[in-house]
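K.L.:
3D, please:
(one chain, ligands or ions: 3)
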Amino acid sequence: MNAAVPRHDWSLDEVMALMELPFNDLLFRAQQVHRAVFDPNEIQRSSLLSVKSGGCPEDCKYCAQSVHNEQGVPSRGLMGVEEVVAAARRAREAGATRFCIGAAWRAPTKGRAFARVLEMIRRIKDLGMEACATLGMLDAEQAEALRAAGLDYYNHNLDSDPEFYRTIISTRRYQDRLDTLKHVRAAGLRICCGGIVGMGESRRHRAGLIVQLARMAPHPESVPINMLVPIAGTGLADAEPLDVLEFVRTIAAARITMPRSRVRLSAGRHAMSDEAQALCFLAGANSIFYGEKLLTADNADVAHDEALFARLGLRGAEGKAIPSERRLDCALC
Ligand code: SAM
Ligand code: DTB
Ligand code: SF4
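P.N.:
Ligands and ions are numbered 1, 2, ... in the order given. Below is the predicted model of the structure:
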């Protein structure tokens, strides 16, 4: 069995067995898979911008932007197009190849605000960058409109496995998320879908998240693994910090089960040591969020990232389109 050929029948027991391997064995397997598909020293960089912050009606327990968080970020209306384009240009100059705009919406409303988002996407594409957006739930028509505007990726996370998910979010069902992902795929967009660890879930829940992602056919092209950034005022402000080696194991499990996806070392990176980040890259993470801010929380410093890349001999990857899984499968057979 060629480990570089995607499988979509992963079981929970199989993924648990991976995550329970001795650490060195797990990382060795992840590196073998990683090297069969990717240049192991190339890291893709995306920059994020929150174009509409705060005031979100959803009750995601981890989130700074929920109205259910009394200390949440102040609600700010949708940014103007020129301001977004200027931020995207700065991100491109700093080395990012993809620009991702986020809005704290349950779902975009149809009308002027959505039309402005479409214009932001067209203008980001004019800069020669890949465009990504995360705007909450979408219907088929909205997904189609985003695709027509030139969007490359839509980010919509499953966050956790279905069981633990219920303890974190009550205003949006797991199935709602799967429905949005179905519309995104049907519109021909690439999917960026992952989750958060460090919310008090067990290893079995983390394995359950990986199973959900790895059973998608095709796999999400981009798989962000976020480490919880504890936010004051949220229900998870005092969550017990997760052992970073357990985070590395989750990255390795994502790499092994989704060999052709870009696995993203996502939120929480600024609180990780350089050595922990190096282990994430060894475990198969090959993309990061780049720039001083995530959406509302701090990210690692750009100068520090450049120094880390130099110390590890890493290079930024070109922003080239990811070939579809079907084409890759054919090339192998
Ligand atoms: N409102 C949109 C939605 O939820 O679909 C998009 C923005 S939301 C902030 C995107 C993702 O960021 C979440 O699904 C979650 O995985 C991650 N995230 C949000 N807050 C986080 C935090 N405090 N720590 C780590 N990850 C977080
Ligand atoms: C994802 O999985 N992580 C990013 C991106 N997709 C949109 C967002 C992280 C948010 C971290 C908390 C904040 O900035 O408020
Ligand atoms: Fe709203 Fe997204 Fe935050 Fe949930 S994660 S509260 S949907 S902005």
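
K.L.:
Mind listing what's buried along stretch 188-198?
P.N.:
Judged by neighbour count using 16 or more other CB atoms under 10 Å, the buried positions of stretch 188-198 are Leu189, Arg190, Ile191, Cys192, Cys193, Gly194, Gly195, Ile196, Val197, Gly198. C-beta: built from backbone N, CA, C; applies to glycine.

K.L.:
Give the rounded mean pLDDT of that stretch.
P.N.:
Stretch 188-198 shows a mean pLDDT of 98.

K.L.:
Alpha carbons of it, as CSV, please.
P.N.:
Written as CSV, here are the backbone C-alpha positions of stretch 188-198 (Å, rounded to 0.1, in the frame of the first residue of the first chain):
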residue,chain,number,x,y,z
GLY,A,188,-15.6,23.9,-7.1
LEU,A,189,-13.8,25.7,-4.3
ARG,A,190,-10.9,24.2,-2.3
ILE,A,191,-11.5,23.4,1.3
CYS,A,192,-9.6,24.6,4.3
CYS,A,193,-10.9,22.6,7.3
GLY,A,194,-9.4,21.6,10.6
GLY,A,195,-10.0,22.1,14.3
ILE,A,196,-8.8,23.3,17.7
VAL,A,197,-7.0,21.2,20.3
GLY,A,198,-6.3,22.1,23.9
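
K.L.:
And ligand 2, is that stretch touching that?
P.N.:
Yes - Stretch 188-198 is in contact with ligand 2 by CB under 6 Å from any ligand atom, via Gly194.

K.L.:
can you tell if that stretch touches ligand 1?
P.N.:
Yes - counting by CB under 6 Å from any ligand atom, ligand 1 has neighbours in stretch 188-198: Ile196.

K.L.:
and if you look at stretch 103-123?
P.N.:
Yes - on the criterion CB under 6 Å from any ligand atom, stretch 103-123 is in touch with ligand 1 at Ala104.

K.L.:
what ranges of the chain fall below the confidence cut-off?
P.N.:
The model of the chain has pLDDT under 70 over residues 1, 319-333.

K.L.:
Contact distance from ligand 3 - what residues of it qualify?
P.N.:
Contacts of the chain with ligand 3, taken as CB under 6 Å from any ligand atom, map to Cys56, Glu58, Cys60, Cys63, Gln65, Ser66, Ala104, Gly136.

K.L.:
Need the phi and psi values for the first one.
P.N.:
Okay, so that is Cys56. Per-residue torsions, Cys56: phi -80, psi 130 (degrees, to the nearest 10).

K.L.:
Would you mind stating the distance between it and Ala87?
P.N.:
Between Cys56 and Ala87 the computed distance is 21 Å (CB to CB, to the nearest Å).

K.L.:
For burial, what's the neighbour tally of the residue of the stretch 101-250 of the chain found nearest ligand 3?
P.N.:
Closest residue of the stretch 101-250 of the chain to ligand 3, CB to the nearest ligand atom: Ala104 (3.8 Å). Neighbour count for Ala104, taken as other CB atoms under 10 Å: 27.

K.L.:
Give the full set of residues in contact with it.
P.N.:
Going by CB atoms under 8 Å, 6 or more residues apart in numbering, Ala104 touches Ser50, Lys52, Ser53, Gly54, Gly55, Cys56, Gln65, Leu295.

K.L.:
Can you list which of those are found in strands?
P.N.:
Among these, the subset assigned to strands under DSSP state E consists of Ser50, Lys52.
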